[in-house]
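Visitor: Return atomic coordinates for the entry below.
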Amino acid sequence: MPRKLLIALAFAGLGVLPAGAATSMRSAEADVVAQSVLMPGVGYQRQVEFTPHGPVVLDVVTAPRPDGSLYTLAPALSNGAIGGTETLTQMEQDASATATVVGVNGDYFSAKTAVPTGILMRAGALDSAPAPQRTSLGISANGTLTLSRVVFDGTWRGTDQRRQLDLNAAPVAGHTTLYTSAWGPATPPESAVVEDVIGAFPPAQPDRVLTGSVTQVVPQGGTPIPPGGAVLVARGAQAAHLTAEAPAGSTVEVRLTLTPDWSTMASAIGGGPVLVLNGKPVFRPNENFSDPILNTRGARSAVGQLSDGRVLLVTVEGGSTAYSAGMTNYELAVALTRLGAVTAMGLGTGAPAAMAFDGSLLTRPTSATEQPLSDALLLSYNGVYAALPGVAVVSPNGDGVDDAQTFSYKLLRPSTVTATLTGPDRGTRTLVQDAEQPGVHTVAWNAETAAGTPEVEGAWKFTVTAVDDQGRTTSADRQFAVNDTLGSLQATPVAAQLSKGQNALTTTFQLAHTATVTATIETRTGIVIATLLDAKLQPGLQQVLWDGHTWTGALAFTGAYQVHVTAENSFGTVSLSTPFTARR
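Guide: Numbering: from 1, shown residues only. Coordinates of the predicted model:
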């Protein structure tokens with residue numbers, strides 16, 4: 001079945017292009033091979049830099065300052081618990097009911113325990129302690145990003161002196177650990193420990209005095225952590241102190257101190273090292289990282305902020321000198337300054353490094369499949385979201401290919417919705433005007449006027465505006481085209497016999513308007529092996545022949561191919577393709 005495409009537009013609802021699918025726009029240092037709007041205010045680019053080490057693919061998201069109104073930047077925890085893993089796309093799907101999100105992988109994490117190596121703070125509550133010899137990223141309520149080496153000091157106190165504790169960490173002999181509900185459903189399975197269950201415990205905000213009553217004392221691990229509660233676990237010599245100083249019914253006081261004081265941060269995530277400070281790339285961060293992590297070219301992600309408060313999410317792809325050779329830590333720092341970052345920090349590297357939007361990968365996995373993560377950094381938008389239209393070009397010419405259009409949009413709250421179309425004549429057509437519930441809504445359009453005649457051809461815009469139950473108004477729009485120029489593409493026979501001196505394939509198509517037409521024979525992956533036509537044609541039925549030879553003059557190999565016809569005129573560019581097989 002032929003399929004109409006609009007050249008240089010995005011694919012499959014993502015609003016982005018696979019590498020090489022769009023006409024490149026040359027910059028001083030990189031080719032932009034794809035750019036689009038993911039959601040209102042949030043842009044995406046895929047850039048390719050050509051280096052002596054091979055091409056390097058850089059995926060860049062630019063978003064408004066995440067001040068918590070429409071846009072929020074915050075970490076997400078795999079399965080909502082430390083110690084588990086989940087893919088980035090799955091984390092985004094988990095968040096889809098409450099936001100539309102684009103994100104990157106988060107902190108480094110232990111392959112054995114899946115515990116993040118650095119800080120994790122969500123909604124002001126500390127889930128994981130920082131790595132003191134590495135940079136941490138703090139995100140304030142107004143969307144300002146702060147980079148610092150943060151030191152953690154945790155203590156508990158019962159009826160005696162203050163004693164040290166770890167927070168939501170893998171067991172260490174002789175240590176006491178506080179496990180909050182962020183750890184998961186139960187404490188680690190251990191023997192020869194004492195565990196104090198605290199039935200009600202406040203959110204683990206740093207630099208606060210947190211108190212709770214011991215409701216139960218348990219002599220082994222694997223204890224359920226009460227929702228909204230915590231469990232204090234002591235090992236070795238510390239077990240005697242917990243038994244004596246915090247018996248059942250007593251009150252335990254906990255302090256989770258961060259230096260510098262980050263108690264006002266809305267959220268935080270670990271990673272490192274620092275990449276950009278005051279608009280300058282950092283060559284030697286002097287942090288606790290091995291040389292291979294910093295200086296081996298590979299996949300890696302980063303987060304940064306521009307001087308106007310906008311944020312950058314960046315992933316450099318790696319793993320292949322043919323597709324993307326990756327970058328060193330410093331090379332990424334230089335790339336971030338080129339993008340305008342005044343502040344930036346690295347995140348996890350290697351196979352886990354990834355970028356995704358709305359539950360679909362934007363980056364190509366370094367390994368065979370997408371790798372699971374401990375945590376991620378997500379940019380969330382909580383207004384109305386419009387997906388790309390069902391087809392990039394509507395052609396209501398009755399040939400059965402893309403004769404109608406489908407629009408979809410997502411609401412996060414009950415809203416009064418107005419959805420309209422604006423045509424090249426600047427007239428407005430109203431598709432929806434109604435109160436609707438949260439969820440994904442779909443609208444069909446047959447590209448006809450009220451009188452049943454085809455709509456005007458050219459560039460169109462779909463706009464959806466929602467006023468939610470809190471009185472907030474948001475809007476989203478998408479572009480598409482109506483173009484009847486090209487239709488009824490056929491290639492016969494569908495199983496072509498290749499032979500010297502004989503015609504192998506006859507291609508026919510209908511032109512409704514004068515257009516510059518290109519017809520090519522391609523592999524199913526889009527590699528052109530022969531150009532059949534490149535000329536300006538008048539309206540009418542067209543026929544093009546192929547003799548079975550490639551552009552080199554040799555007879556094509558047996559295999560699966562497609563005919564691809566593109567027509568360009570004042571109404572835009574439209575393409576049709578249809579598959580066939582060839583056999584010698």
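
Visitor: how close does the residue of the chain positioned farthest from its centre sit to residue 548?
Guide: Distance from the centre of the chain peaks at residue 501, with 51.9 Å (C-alpha atoms, centre = their mean). Residue 501 sits at a distance of 10 Å from residue 548 (criterion: C-beta to C-beta, to the nearest Å). Quick note: C-beta positions are derived from backbone N, CA and C, even for glycine.

Visitor: what's the helix or strand for the residue farthest from the centre of the chain?
Guide: For residue 501, there is no host helix or strand (DSSP states H and E).

Visitor: Looking at it now. What's its pLDDT?
Guide: Predicted confidence (pLDDT) at residue 501: the value is 84.

Visitor: Using PDB, list the CA coordinates for stretch 328-345.
Guide: What follows is stretch 328-345, C-alpha atoms only, in PDB (Å, rounded to 0.1, in the frame of the first residue of the first chain):
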ATOM      1  CA  THR A 328      34.900  12.300  26.200                       C
ATOM      2  CA  ASN A 329      33.800  14.200  29.200                       C
ATOM      3  CA  TYR A 330      35.600  17.400  28.100                       C
ATOM      4  CA  GLU A 331      34.400  17.100  24.500                       C
ATOM      5  CA  LEU A 332      30.800  17.100  25.900                       C
ATOM      6  CA  ALA A 333      31.600  20.100  28.100                       C
ATOM      7  CA  VAL A 334      32.800  22.000  25.000                       C
ATOM      8  CA  ALA A 335      29.600  21.000  23.100                       C
ATOM      9  CA  LEU A 336      27.500  22.300  26.000                       C
ATOM     10  CA  THR A 337      29.200  25.700  25.900                       C
ATOM     11  CA  ARG A 338      28.600  25.800  22.200                       C
ATOM     12  CA  LEU A 339      24.900  25.200  22.900                       C
ATOM     13  CA  GLY A 340      25.000  28.200  25.300                       C
ATOM     14  CA  ALA A 341      25.100  26.500  28.700                       C
ATOM     15  CA  VAL A 342      26.400  28.600  31.500                       C
ATOM     16  CA  THR A 343      26.100  25.700  34.000                       C
ATOM     17  CA  ALA A 344      26.100  22.000  33.300                       C
ATOM     18  CA  MET A 345      26.700  18.600  35.000                       C
END
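
Visitor: Report the buried residues of it.
Guide: 328-345 (16 or more other C-beta atoms under 10 Å).

Visitor: Take those and keep only those in helices.
Guide: 329, 330, 331, 332, 333, 334, 335, 336, 337, 338 (DSSP state H).

Visitor: looking at it, the fifth one is touching residue 281, isn't it?
Guide: By that I understand residue 333. Yes. In this structure, residue 333 sits in contact with residue 281. The criterion is C-beta atoms under 8 Å, and the distance is 3.7 Å.

Visitor: Next, show the common contact partners of those two.
Guide: Counting by C-beta atoms under 8 Å, 6 or more residues apart in numbering, the contacts common to residue 333 and residue 281 are residue 275.

Visitor: With adjacent residues omitted, what lies nearest to residue 370?
Guide: residue 87 (4.9 Å; C-beta to C-beta, 6 or more residues apart in numbering).

Visitor: Neighbours of that neighbour, how many?
Guide: The tally of other residues near residue 87 (other C-beta atoms under 10 Å) stands at 22.

Visitor: can you check residue 493 too?
Guide: Should you count by other C-beta under 10 Å, residue 493 turns out to have 11 residues around it.

Visitor: which residues touch it?
Guide: Residues in contact with residue 493 (C-beta under 8 Å, 6+ apart) are 505, 580.

Visitor: which non-adjacent residue is nearest residue 396?
Guide: What sits nearest to residue 396 in space, not counting adjacent residues and going by C-beta to C-beta, 6+ apart, is residue 447, at 4.1 Å.

Visitor: and if you look at residue 439?
Guide: The shortest distance from residue 439 to any residue other than its chain neighbours is 6.4 Å, reached at residue 411 (C-beta to C-beta, 6+ apart).

Visitor: and the gap between that neighbour and residue 395?
Guide: With the distance defined as C-beta to C-beta, residue 411 ends up 30 Å from residue 395.

Visitor: swap in residue 433?
Guide: The span separating residue 433 from residue 395 equals 28 Å under the rule C-beta to C-beta.

Visitor: And these two? Which one has more around it.
Guide: Per other C-beta under 10 Å, whichever of residue 433 and residue 395 has more neighbours is residue 395, with 25 against 11.

Visitor: and the spatially most central residue of the chain, bridged to which residues?
Guide: Nearest to the geometric centre of the chain sits residue 356, at 2.2 Å (C-alpha atoms, centre = their mean). When bridges are called by DSSP bridges, residue 356 pairs up with residue 103, residue 361.
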